[in-house]
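Asks: Based on what follows, work out the 3D shape:
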Amino acid sequence: MLFGRSIWKKNFVGETMSIRAIRGILAIVVLSAVFFYTLLNVIFAPIKEAALSPVKTYRISGIAPTDLLDHTFIPVWMVTYALPLQSIFTDGPSLSSLIPSDLFFSAVGVTAIWPAGLLNSGITLPQCYTQITPDNAGNESYYSYLCPPADVVDYTLPDLYITVDFGPLFTGLAGIDQPSGRTQLPLVIGLSNDLFNDYTHTVPVTIIPGMNMAAPYILGMRQIYTNVILATLGFFEASTSFFLPQILGFYPDPFATFNGSTLSTLNIFAQDNYGEVNFLQDYREKSVIGGFSSVGGLWTAFSGIFAILFGASMLHIFYGSKPLSIFGMAHKFQAEAMKKDCLAKYPQILKENCAPEDRGLLSLLRDHLINLDFVEDENDDPSSSEVWEKQIDLQSVHIPVAQVPAQRYSNTPR
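Replies: Have a look, this model is predicted:
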């Protein structure tokens, strides 16, 4: 029968067919609701959230916690032109042929500018250097400048002075699909020391011909999952943290000397921050483990409603089991030994109250509350609850009729 026979048969002596029908229909509705709720919260919602990642924003006042900084990448300036992420109008020349690496590095320069105190301290200060990183397909490459920090207290970062000569780049940029009619060169400026994290979590800074700008920045922090799949499952939510440069504005640079209609400069410099540091963290509202927890809560609520309405939880009704049992799954490995010892210690457990006239409270508890299946076989207990239910059903068919006294007939007429 549909969803098994347990939800349709009698759960207690005297249950009418209408009660069993209501219980069965309600059980089907509840099972369907739990099934679709499980699909939504355990499968579909976590998959959807894997692409649409929610984030939390924290505010760190003063100095960042030491344990957070210990798991944060050392900041390294990386100024990158993401050539593989560009697109061309036609299937003509490749991107690398439009803007080859030697042309780019000759037209674009990045210089580290150190504070005067460090320059006069005699410490060897690192300078910026170039790096070419092929994409996954190996067809195009990312062009980058890396500027490491000085190995002093808290890894002091230099200011950046970026120069762009658009003269050699105009021809190549003309063959690349631009988002607007203005010629522009987008540069990803990040601190994560990881190319993927930089262009994924940092908005590019666009350089246009003839601009000479200065931009102050403060440090922010970003924490992301190292494995999105495991985070979606709810297991091992390992994460990594890195710094982000938060540029606060752009101002005309009156000290720029690299001037011209095709020449541009951008000076990125640090400013003091006496307020809070923004800390942006990935997290999960929906995961597979969280979905199972929600389903468990829904199931518990429905089981409580069933217990109020029908005197037993849904689990006991669906499986036809009894609420109390001293025999668990772990005991199945020693079932025979436990059965033997139990029958030896309680020899009358299967024989007491077997006669119909002796059945009382103990029989009621055994039939509907206490599970003794682990000590009885099919032929061990001829007075099981199912047998007695059948006998009671048969007895209910026979309606006792009072005997009518026999009339005496006489041959003598009245």
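
Asks: CA only for contacts and neighbour counts going forward, please
Replies: OK.

Asks: residues touching Asp165, list them.
Replies: Contact analysis of Asp165 by CA atoms under 8 Å, 6 or more residues apart in numbering lists 107-108, 209, 262-264.

Asks: Put together TSV for those, with distance to Pro54, secondary structure and neighbour count on each row.
Replies: Below are the contacts of Asp165 laid out as TSV (distance: CA to CA, whole Å; DSSP: H, G, I helix; E, B strand; the rest coil; neighbours: other CA atoms under 10 Å):
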residue	distance to Pro54	secondary structure	neighbour count
Ala107	40	helix	16
Val108	37	strand	18
Pro209	37	coil	20
Thr262	42	coil	17
Leu263	41	strand	18
Ser264	38	strand	23
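
Asks: Can you show me the helices along the stretch 51-200 of the chain?
Replies: Counting by DSSP state H, counting those that start in this stretch, the stretch 51-200 of the chain has helices at residues 66-70, 95-98, 101-107, 116-119, 170-174, 195-201.

Asks: Now do the buried residues in the second one.
Replies: If I follow you right, that is helix 95-98. For helix 95-98, burial by neighbour count (16 or more other CA atoms under 10 Å) applies to 95, 98.

Asks: got it, and the last one?
Replies: Within helix 195-201, the residues scored as buried using 16+ other CA under 10 Å are 195, 198-199.

Asks: Direction included, what does the following helix or strand past that helix pair against?
Replies: Using DSSP states H and E, the next helix or strand after helix 195-201 towards the C-terminus is strand 205-207. Applying DSSP bridges, strand 205-207 is found paired with strand 185-190 (antiparallel).

Asks: Can I get the partner strand as CSV, trimmed to CA atoms?
Replies: Once non-C-alpha atoms are left out, strand 185-190 reads as follows in CSV (Å, rounded to 0.1, in the frame of the first residue of the first chain):
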residue,chain,number,x,y,z
LEU,A,185,44.1,50.9,-19.7
PRO,A,186,42.6,49.0,-16.7
LEU,A,187,45.2,48.0,-14.1
VAL,A,188,44.5,45.6,-11.1
ILE,A,189,46.3,47.0,-8.1
GLY,A,190,46.2,44.5,-5.2
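
Asks: tell me how far it is from the chain's mean position?
Replies: 31 Å (CA atoms, centre = their mean, to the nearest Å).

Asks: what does that strand rub up against?
Replies: By CA under 8 Å, 6+ apart, the list of residues contacting strand 185-190 from outside reads 76-82, 198-199, 202-208, 244-245.

Asks: Buried members of these into PyMOL, please.
Replies: Buried residues among the contacts of strand 185-190 (16+ other CA under 10 Å), as a PyMOL selection:
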select buried, resi 76+77+78+79+80+81+82+198+199+202+204+207+208+244+245
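
Asks: Can you report how many residues lie near Phe105?
Replies: 17 (other CA atoms under 10 Å).

Asks: how about the strands in the stretch 151-300 of the chain?
Replies: Secondary structure of the stretch 151-300 of the chain (DSSP state E, counting those that start in this stretch): strands at 159-165, 185-190, 205-207, 212-225, 239-247, 251-252, 263-270, 276-282.

Asks: which residue packs closest to Tyr37, ignoring adjacent ones?
Replies: In this structure, Tyr37 finds its nearest non-sequential neighbour in Val295, 7.0 Å apart by CA to CA, 6 or more residues apart in numbering.

Asks: what's near enough to touch the closest residue to Gly290 other than its chain neighbours?
Replies: Leaving aside its chain neighbours, Gly290 sits nearest to Gly234 (7.2 Å; criterion: CA to CA, 6+ apart). Gly234 makes contact with 287-290 under the criterion CA under 8 Å, 6+ apart.

Asks: Could you check the pLDDT of Gly234?
Replies: The model reports Gly234 with a pLDDT of 82.

Asks: Now the phi/psi pair for it, please.
Replies: phi 100, psi 0 (degrees, to the nearest 10).

Asks: Number the chain from 35, please
Replies: Let's use 35 as the start, then, which means that last one is Gly268.
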